[in-house]
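Asker: Give me a 3D structure for the following:
(one chain, ligands or ions: 1)
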Amino acid sequence: MTAEKAGDGGGILAFIQGLKDAGLKDVARSLLPVAVLAVVSAVLMVLVPYLFSRLIDDLADGWTSNAAWIVAGYALLLGGGLVVRHMVEYLGYMCAERMACAISIAFFDRLMRKTATFFVDNNIVAIRQAQARGAMAMNVIVQLGLGVILTGMVQFLATLVTLGAAVTSAIAAIVAAYGVVFVGVTYLAAARTRRSLDAAIDADQQVAQVFGNVIGAVEAVRQVGGTTWARHHHETQMRGLLACWAVYCRRRIAYASLYGGALVVQIGMTFALLLPAWRAGQLTIGDVVLFNTLLLQLNQPFEAAGHAIDDVIRSMARLRPLLRMWQAPEMPMRSGAPPVVISDGMITFDRVGYVHADGRGAPKITATARRGHITWIVGETGAGKTTLMRLLTKALDPGTGRVLIDGTDLTDIDPDAWYAVVGIVPQEPVLIADTVAMNVTFGRIRNEARLNAALAAAQLQERVHAMPAGVETVVGERGFRLSGGERQRIAIARALYNDPAILLLDEAGSALDPATEAGILDGIRQLTDRVTVIAVTHRLGVIQPGDAVITLPDGVSSVAPGPA
Ligand SMILES: Nc1ncnc2c1ncn2[C@@H]1O[C@H](COP(=O)(O)OP(=O)(O)OP(=O)(O)O)[C@@H](O)[C@H]1O
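Answerer: Predicted coordinates for the structure are as follows:
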């Protein structure tokens, strides 16, 4: 628990630093005028009843010329106070929304740099939930901080000053003590129930993770008759979450008696002091009215401040999943790193190996890939082919040995600089719900000639031109309006679009018919005089004489004798 809390502290600092980098300073600056207005609003909340009490005393003495002025001032301040309170509320809301916007932008930037492992551990629903809840939590913290905690504190101080002057300093001290007890009990209750609150937040995040897993695989779940299981699983999790919240709420209710007790003591003590003073003629009836109004009014900010502190603590807990993700390791980027210059295009595996957490992975490989032919990586399933490819795509860093690119250690090459020269076709193509053109260019500058050339090289040009809107055809969620082979060919076109110096294909033809795969490979072979091509395959028939083969787990580089 202690380590976790310390981690949270570090997380908050890193989080604040990240927000500063994302332009939070501007948002923070815009909070200042709202804070000033919050102070004005709090002062008015005390000034107005004070004026009213003076008016009553004036009226009790008979009508004086002052009374008209006091009534006018009272009415104006009452109206003005209302306007200022609304301004604080909505300007605070605007600042909070700006802060939420800054958080979303900064978090998105961070996600872009997260390691591949991060996306293995967290699904999109869980990430989105952490982001939305975190932004909402910051929103609550800002709004309550300005509108309730700051206002409440200033109102409290102004009331004390007013009560001290108009009534007695002893009563002011009792009220202050009540405030301290109220806020102290709130803090204590929040601290004591923090464990059950954290458990509820963690359970909530778990629900999101499972929700994302099941909804992401909904068709498969339906097809195996797993909907009852999925529903039950989700319901069990939701009930577990509810149980966590019930424990938290029950514990909080137990603290309510402390608030009640504090209020009884406060009222009893203050009236015990006040009434004898009034009977002795030391206080006017106006003073008693003022005291009563302020005391009742004072209880509100105490309660509101108590709830606000509670909400802020709850919001801090809700920030935790976001903070954890915020702090998760990122790919080491080197700002201003020079572009990678590929000269010979020689890739050397120098005793390269990687072991996953489960002890499996890629064995130590020593081999070389050159231009002039395709270098195939083959081996039985689970031998470590994809793991080796993930080392080449910098999704993983070697556990042992090095990958050298024209003699330079790949670990020392900036990811962005590397991705500018490499084309990657993963084992499972990733498409977004956008057009064919967008799925090929993927945010790179669009060039019609290159787009068409890439589609042609992927044997997709004819098929795309036959589509209703050609390259502007929308492919559906994850490209599901296309066939598996078409999705794979879009991924190939995407890899070729930027004219890469190195091409990495991980079973890129697994969903294609032999003729289409052979056609694409013929085109790729023609590129090998200027492109280093490394490809994983299970179909040994695609290997041609002159190709190089790295067989896992041995990792021996050899020239294939011919088609199998
Ligand atoms: N992220 C991971 N965490 C733990 N183990 C992993 C991870 N990724 C892969 N593995 C394990 O490492 C081993 C090698 O996996 P890899 O995907 O590299 O094999 P492969 O040769 O590409 O297999 P296939 O031919 O079936 O695609 C497998 O046993 C796999 O279970």
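Asker: Where does the residue positioned nearest the centre of the chain fall, secondary structure wise?
Answerer: Of all residues in the chain, the one closest to the mean position by Cα atoms, centre = their mean is residue 131, 3.1 Å from it. Following DSSP states H and E, one finds residue 131 within helix 124-144.
Asker: which strands and helices sit next to the helix or strand just after that helix?
Answerer: If you walk from helix 124-144 toward the C-terminus, the next helix or strand you reach (DSSP H and E) is helix 151-166. Counting by 3 or more Cβ pairs under 8 Å, 6 or more residues apart in numbering; DSSP states H and E, the packing neighbours recorded for helix 151-166 are helix 24-60, helix 169-192, helix 285-327. Any C-beta I mention is one placed from the backbone N, CA and C, and that applies to glycine too.
Asker: winner for burial among the ones you listed?
Answerer: helix 285-327 (a mean of 20; mean count of other Cβ atoms under 10 Å).
Asker: residues touching the closest residue to residue 379 other than its chain neighbours, list them.
Answerer: Ranked by Cβ to Cβ, 6 or more residues apart in numbering and with sequence neighbours excluded, the top spatial neighbour of residue 379 is residue 552, at 3.2 Å. Residue 552 makes contacts with 362, 363, 365, 377, 378, 379, 380, 383, 384, 385, 388, as judged by Cβ atoms under 8 Å, 6 or more residues apart in numbering.
Asker: per-residue pLDDT, the first one?
Answerer: The score at residue 362 is 84. That number is its pLDDT.
Asker: and after whichever strand or helix holds it, which helix or strand comes next?
Answerer: Assigned by DSSP H and E, residue 362 belongs to strand 361-369. Toward the C-terminal end, the helix or strand that comes next after strand 361-369 (DSSP H and E) is strand 374-378.
Asker: quick one: is that following strand near the ligand?
Answerer: No - against the ligand, strand 374-378 shows no contacts by Cβ under 6 Å from any ligand atom, the least distance being 8.3 Å.
Asker: what's the average pLDDT for the very next helix or strand once past that strand?
Answerer: Counting by DSSP H and E, the element after strand 374-378 in chain order, helix or strand, is helix 385-392. Averaged over helix 385-392, pLDDT sits at 92.
Asker: Over to stretch 254-270?
Answerer: Confidence over stretch 254-270 (mean pLDDT, whole number) is 77.
Asker: Please point out which parts of that stretch sit buried.
Answerer: Neighbour-count burial for stretch 254-270 flags 258, 259, 262, 263, 266, 269, 270 (criterion: 16 or more other Cβ atoms under 10 Å).
Asker: swap in stretch 272-287?
Answerer: Neighbour-count burial for stretch 272-287, counted by 16+ other Cβ under 10 Å, picks out 274, 277, 278, 283, 284, 286, 287.
Asker: got it, and stretch 424-441?
Answerer: Within stretch 424-441, the residues that count as buried by 16+ other Cβ under 10 Å are 424-427, 429, 431, 435-441.
Asker: Sort out for me which of the buried residues of stretch 254-270 are in helices.
Answerer: Counted as lying in helices by DSSP state H, out of the buried residues of stretch 254-270, are 258, 259, 262, 263, 266, 269, 270.
Asker: Check these one by one and keep those near the ligand.
Answerer: Okay, of those, nothing touches the ligand (Cβ under 6 Å from any ligand atom).
Asker: Relative to the ligand, which of those residues is nearest.
Answerer: Of all these, residue 258 has the smallest distance to the ligand: 49.9 Å, by Cβ to the nearest ligand atom.
Asker: Compute the distance between residue 200 and the ligand, please.
Answerer: Going from residue 200 to the ligand by Cβ to the nearest ligand atom, to the nearest Å gives 30 Å.
Asker: can you count the residues close to that residue?
Answerer: 24 (other Cβ atoms under 10 Å).
Asker: residues from the stretch 251-400 of the chain in reach of the ligand?
Answerer: Proximity of the stretch 251-400 of the chain to the ligand, by Cβ under 6 Å from any ligand atom, involves residues 356-358, 360-361, 379, 381-387.
Asker: Just the buried ones among those residues, please.
Answerer: Neighbour counting with 16+ other Cβ under 10 Å marks 361, 379, 383, 384, 385, 386, 387 as buried within those.
Asker: among the residues you listed, which two are most distant?
Answerer: Across these, the longest distance by Cβ to Cβ is 12.6 Å; it joins 361 and 379.
Asker: Residue 350 - how many residues pack around it?
Answerer: Using other Cβ under 10 Å, residue 350 is surrounded by 16 other residues.
Asker: thought it was touching residue 400?
Answerer: No - look at residue 350 against residue 400 with Cβ atoms under 8 Å: they stay out of range, at 9.7 Å.
Asker: ok, longest helix in this protein?
Answerer: Taking DSSP H as the criterion, the chain has its longest helix at helix 65-113.
Asker: just the angle between that one and helix 151-166, please?
Answerer: Here the directions of helix 65-113 and helix 151-166 differ by 150 degrees (axes from the mean of the first three to the mean of the last three Cα atoms, to 10 degrees).
Asker: Give me the contacts around the following helix or strand past helix 65-113.
Answerer: Sequence-wise, the next helix or strand beyond helix 65-113 is helix 116-121, with elements assigned using DSSP H and E. Identification of contacts with helix 116-121 by Cβ under 8 Å, 6+ apart yields 325, 328, 329, 390, 395, 396.
Asker: Give the rounded mean pLDDT of helix 116-121.
Answerer: Helix 116-121 shows a mean pLDDT of 87.
Asker: which of the residues in it are buried?
Answerer: Using 16+ other Cβ under 10 Å as the test for burial, helix 116-121 gives residue 118.
Asker: Quick check: the residue of the stretch 151-300 of the chain nearest the ligand.
Answerer: Residue nearest to the ligand within the stretch 151-300 of the chain (Cβ to the nearest ligand atom): residue 213, separated by 15.8 Å.
Asker: now the buried residues of stretch 272-287 in CSV, with distance to residue 499 and pLDDT?
Answerer: Below are the buried residues of stretch 272-287 laid out as CSV (distance: Cβ to Cβ, whole Å; pLDDT from 0 to 100):
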residue, distance to residue 499, pLDDT
274, 87, 73
277, 91, 79
278, 91, 81
283, 89, 76
284, 90, 80
286, 86, 73
287, 86, 75
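Asker: Specify which member of those residues is nearest to residue 54.
Answerer: For the buried residues of stretch 272-287, the nearest to residue 54 is residue 286 (6.8 Å; Cβ to Cβ).
Asker: give me every residue that touches the residue lying closest to the closest one once chain neighbours are set aside.
Answerer: Closest residue in space to residue 286, ignoring its immediate chain neighbours: residue 57 at 3.7 Å, by Cβ to Cβ, 6+ apart. By Cβ under 8 Å, 6+ apart, the contact set of residue 57 is 284, 285, 286.
Asker: For residue 398, grab the count of nearby residues.
Answerer: Residue 398 has 21 neighbours, counted by other Cβ under 10 Å.
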